[in-house]
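Enquirer: dropping the sequence and predicted coords here.
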Amino acid sequence: MDITPIIAPLNDAQREAVTAPSQAMLILAGAGSGKTRVLVHRIVWQIQVNGLSPQSILAVTFTNKAANEMRGRVENLLDSSASSMWIGTFHGIAHRLLRRHAEQARLPKDFQVLDSNDQQRLIKRILADLKIDDKELPAKEVQWFINEKKDAALRSFHLVGNEDKNTRRFLRIYQEYEAACERSGVVDFSELLLRVYELFRDNDNILQQYQQRFSQIHVDEFQDTNHLQYAWLTLLSPNRDNIFVVGDDDQAIYGWRGAKIENIYNFKDHYPTHQTIKLEQNYRSSGAILKAANHIIANNKSRLGKELWTDLPDGEKISVYGAFSDVDEAKYVVDRIRSWVEDGNKRVDVAILYRSNAQSRQFEEQLMLTKTPYRVFGGLRFFDRAEIKNALAYLRLLANRHDDASFDRVVNTPTRGIGLKTIDEIRQLANSQQISLWMAAQCLIDQKLLPNRAGNALFYFLDLIEQLAAKTAELPLGEKVQIVIENSGLMAFYGQDKVEKSAEKIENLKELVNAANLFKIDVNSDADISELSEFLSHAALESAESQANEFDDCVQLMTLHTAKGLEFRLVFLVGLEDGLFPSQQSIYDAGKLEEERRLCYVGITRAREKLYITHAEKRLLYGRETPASKSRFLRELPAELLEEVRPKREVSRPMTAKSTSFSITNLPKEMQSDSRYRLGQRVEHESFGAGIILKMEGEGKTERALIKFSDDSRWLMTLYTKLHVI
């Protein structure tokens, strides 16, 4: 037969992997090195050259998208359907196995699968039955506990006798949850994997059936497997020569959700006769970008080791921009994107990558101000996020007690004992009397029409809003927002949530405070409108702006975790500062720091032609300007690969919905002469010593200057600060 279509498109290392004799194989596939091609061509080689039946091939990956792509490419090469093949996600394959062996797996034939939301709702019902306040112990935290134990192959009975006081409470809920699932004949996602593991472990005849059936096992993204996934893979291929895994330890970035990088490190111990092949030729990025990625990842001690290379030219150096502030950083990035588009390039080829979702706000605002279409890939825009909407709802109630949508949203968020029955009574009274929900609630309380507990809880909520309004009436907007977020209980509510998204939600709430601190009423707006009302209108307008859809020519914004597997011609890797990236929690933990460095490696290798890296001298954090230091990852890059971009000298007003920045050369002469200070001027302060003016904002009484002193950079109000021009 003609094997040319199988091997002709492959380079030497890929060809070696595809045509290797049947044995345990570990393919270390670097970023952009063609790992999917190798998997697909290996499967086709086994069928067409080695004569294996398509039904004897097992190929597992992590997403439906990846599984569908693999199946489609196999079909194209075979020129026939691959519907009978076992190609799918771990959960999809597990579901298929359990449907075949439901009885042996102790499941009803018509068992149903709970998605994550259904699982959480069931846990909430169990908490209610056990009279455990969801505010005291959120359902998400319990969900995380249960799934973590299942991923470690631990049933509730495995934990009995070893638990501490806190675990005993979780254990009781876990036991009730297992019982409820058994009664209802349902399984969650983690249960799918656990049941298959137990099915193989406890039924030797079934295990042998599938050991014999699957002549070849193929695993994609092997570095992302968890304990349970690896356990049933090793059961299917115990010390045999039929497992072919493709992965990259340098792209192992999901430890926080249970992935075990140890699996790829321990492969050699489980399969001592294995062969390792490295795919190091990259087809995506320029030489300069790959050299930078290699330098970064070389600082990790725990790695199997490989070095990416390419036939492509080195291309442009990596541009590094040290911004004065996070606002300046966002302006610079958007300005570069506009220049890129003006040169005839497409926006869809541009990505802004950040460590934390909260960082998206500044970039979103600048993109909207410049009317640049964008899309937040794999996530919500800043003002569309639930925690932000909740905070804004409290603020809207402060501005208008009769805002029914806001009342309905937060009357029991965080939970305060106002149940659905009470809320329904409020709605009925409001509808019948044609009054607001706020007025209806007051009527029910005044006329004592509610049970004591419900009435007291509702009174507490109304009183909370009134107290917040009185307490914050004369405060600046930023302080007002900060106090509302804290005193409403939102910060504590999200802070006690120990699941993976809790820290992100806290960061988003802090970023809302930053947005309020930066916001100023437009000088052309109605003077009778309060700053709070104007800010709320601004937020509503931003939220109402429709995000570009998937197929529009728009800039892509996403977290570094979301970016894995994608590539773009132009990439902005932003916020490279210690404490932000790497995160503060990882700096003093060697294992976590190495995962953060792998995340940086992933970010760099998303770029094909041009990479910008940005950092800021200061960031606004919870209403306070906080000095920032350049990320250690940036300091690990060799100087010959970088070009420093000098910050523009400009005077800019604080950010508003209609803010404008002016180049100093474009300012009218009369405005240039209003201040005795200029950018680049050397000045002396009686306490801080000599310094240089880096930036100026405002005018007259609001004029302030960012001055770089020997030990720090500080914003000073020029009207109230004694500065001597040197």
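Expert: Happy to help now that I have it.

Enquirer: so what's Q433 up against?
Expert: By Cβ atoms under 8 Å, 6 or more residues apart in numbering, the residues touching Q433 are 439-440, 443. From N, CA and C alone the C-beta is placed, and that goes for glycine too.

Enquirer: do you know how far it is from C443?
Expert: Distance of Q433 to C443, given as Cβ to Cβ, to the nearest Å: 8 Å.

Enquirer: again, but for E625
Expert: Counting by Cβ to Cβ, the separation of E625 from C443 is 47 Å.

Enquirer: and Q275, what does it touch?
Expert: By Cβ under 8 Å, 6+ apart, Q275 lies in contact with 20, 23-26.

Enquirer: pLDDT value on S675, please?
Expert: Note on S675: pLDDT of 68.

Enquirer: my error: substitute R42 in the last question.
Expert: For R42, pLDDT reads 96.

Enquirer: thought I243 was touching it, still the case?
Expert: No: assessed by Cβ atoms under 8 Å, R42 is found out of contact with I243, at 11.8 Å.

Enquirer: tell me where the stretch 151-300 of the chain has helices.
Expert: Counting by DSSP state H, counting those that start in this stretch, the stretch 151-300 of the chain has helices at residues 156-159, 165-184, 189-202, 204-213, 227-236, 262-265, 267-270, 287-297.

Enquirer: of those, which stretch is the most buried?
Expert: helix 287-297 (a mean of 23; mean count of other Cβ atoms under 10 Å).

Enquirer: for it, C-alpha coordinates in PDB please.
Expert: Taking C-alpha atoms only, helix 287-297 is exported to PDB below (Å, rounded to 0.1, in the frame of the first residue of the first chain):
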ATOM      1  CA  GLY A 287      13.200  32.400  16.300                       C
ATOM      2  CA  ALA A 288      13.400  35.300  18.800                       C
ATOM      3  CA  ILE A 289      10.100  34.300  20.500                       C
ATOM      4  CA  LEU A 290      11.300  30.700  20.800                       C
ATOM      5  CA  LYS A 291      14.600  31.700  22.300                       C
ATOM      6  CA  ALA A 292      12.800  33.700  24.900                       C
ATOM      7  CA  ALA A 293      10.500  30.800  25.700                       C
ATOM      8  CA  ASN A 294      13.500  28.500  26.100                       C
ATOM      9  CA  HIS A 295      15.300  30.900  28.400                       C
ATOM     10  CA  ILE A 296      12.300  31.200  30.600                       C
ATOM     11  CA  ILE A 297      11.500  27.600  31.000                       C
END
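
Enquirer: how distant is that helix from the center of its chain?
Expert: 24 Å (Cα atoms, centre = their mean, to the nearest Å).

Enquirer: neighbouring contacts of it?
Expert: Residues outside helix 287-297 that contact it (Cβ under 8 Å, 6+ apart): 31, 250, 282, 285, 303, 307-310, 312-318, 597-598, 600-601, 604-605, 607-608, 611, 633, 636-638, 641.

Enquirer: buried subset of the residues you listed, written for ChimeraX?
Expert: A single ChimeraX command suffices to select whichever of these are buried according to 16 or more other Cβ atoms under 10 Å:
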select :31,250,282,285,303,308,310,312,315,317,318,597,598,600,601,604,605,607,608,611,633,637,641
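
Enquirer: can I get stretch 573-587 as CSV, trimmed to CA atoms?
Expert: C-alpha atoms of stretch 573-587 as CSV (Å, rounded to 0.1, in the frame of the first residue of the first chain):
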residue,chain,number,x,y,z
LEU,A,573,1.6,39.6,27.5
VAL,A,574,0.6,42.2,30.1
GLY,A,575,1.1,42.8,33.8
LEU,A,576,4.5,41.1,34.3
GLU,A,577,5.1,42.2,37.8
ASP,A,578,6.0,40.2,40.9
GLY,A,579,2.9,39.6,43.0
LEU,A,580,0.7,39.7,39.9
PHE,A,581,2.6,37.4,37.6
PRO,A,582,3.9,35.3,39.2
SER,A,583,1.1,35.6,41.7
GLN,A,584,1.8,36.5,45.3
GLN,A,585,0.8,33.1,46.5
SER,A,586,3.3,31.3,44.3
ILE,A,587,6.4,33.4,45.0
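
Enquirer: now do the buried residues in it.
Expert: For stretch 573-587, the neighbour count (16+ other Cβ under 10 Å) marks 573-583, 586 as buried.

Enquirer: nearest spatial neighbour of K389, skipping sequence neighbours?
Expert: R409 (6.9 Å; Cβ to Cβ, 6 or more residues apart in numbering).

Enquirer: ok, that neighbour - how many residues close by?
Expert: When neighbours are counted by other Cβ atoms under 10 Å, R409 registers 18.

Enquirer: other SSEs contacting the host helix or strand of it?
Expert: Applying DSSP states H and E as the criterion places R409 in helix 404-410. For helix 404-410, the packing partners by 3 or more Cβ pairs under 8 Å, 6 or more residues apart in numbering; DSSP states H and E come out as helix 386-399, helix 437-446.

Enquirer: quick one: the longest one to helix 437-446, angle?
Expert: To tie it back to what came earlier, the one meant is helix 386-399. 70 degrees (axes from the mean of the first three to the mean of the last three Cα atoms, to 10 degrees).

Enquirer: where's T61 relative to K510, distance?
Expert: T61 is 37 Å from K510, by Cβ to Cβ.

Enquirer: more neighbours, the two?
Expert: Remark: of T61 and K510, T61 carries more neighbours, 26 against 18, as counted by other Cβ under 10 Å.

Enquirer: got the phi/psi numbers for L450?
Expert: Reported as degrees, to the nearest 10, the phi and psi values for L450 are phi -120, psi 150.

Enquirer: got the contact list for the closest residue to it other than its chain neighbours?
Expert: Excluding its sequence neighbours, the residue lying closest to L450 (Cβ to Cβ, 6+ apart) is L444, at 5.3 Å. The contact partners of L444, taken as Cβ under 8 Å, 6+ apart, are 425-426, 429, 450, 455, 458.

Enquirer: turn these into a markdown table, including pLDDT, secondary structure and neighbour count.
Expert: Below are the contacts of L444 laid out as a markdown table (pLDDT from 0 to 100; DSSP: H, G, I helix; E, B strand; the rest coil; neighbours: other Cβ atoms under 10 Å):
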| residue | pLDDT | secondary structure | neighbour count |
| --- | --- | --- | --- |
| E425 | 91 | helix | 18 |
| I426 | 91 | helix | 25 |
| L429 | 90 | helix | 18 |
| L450 | 89 | coil | 20 |
| G455 | 91 | helix | 19 |
| L458 | 93 | helix | 24 |
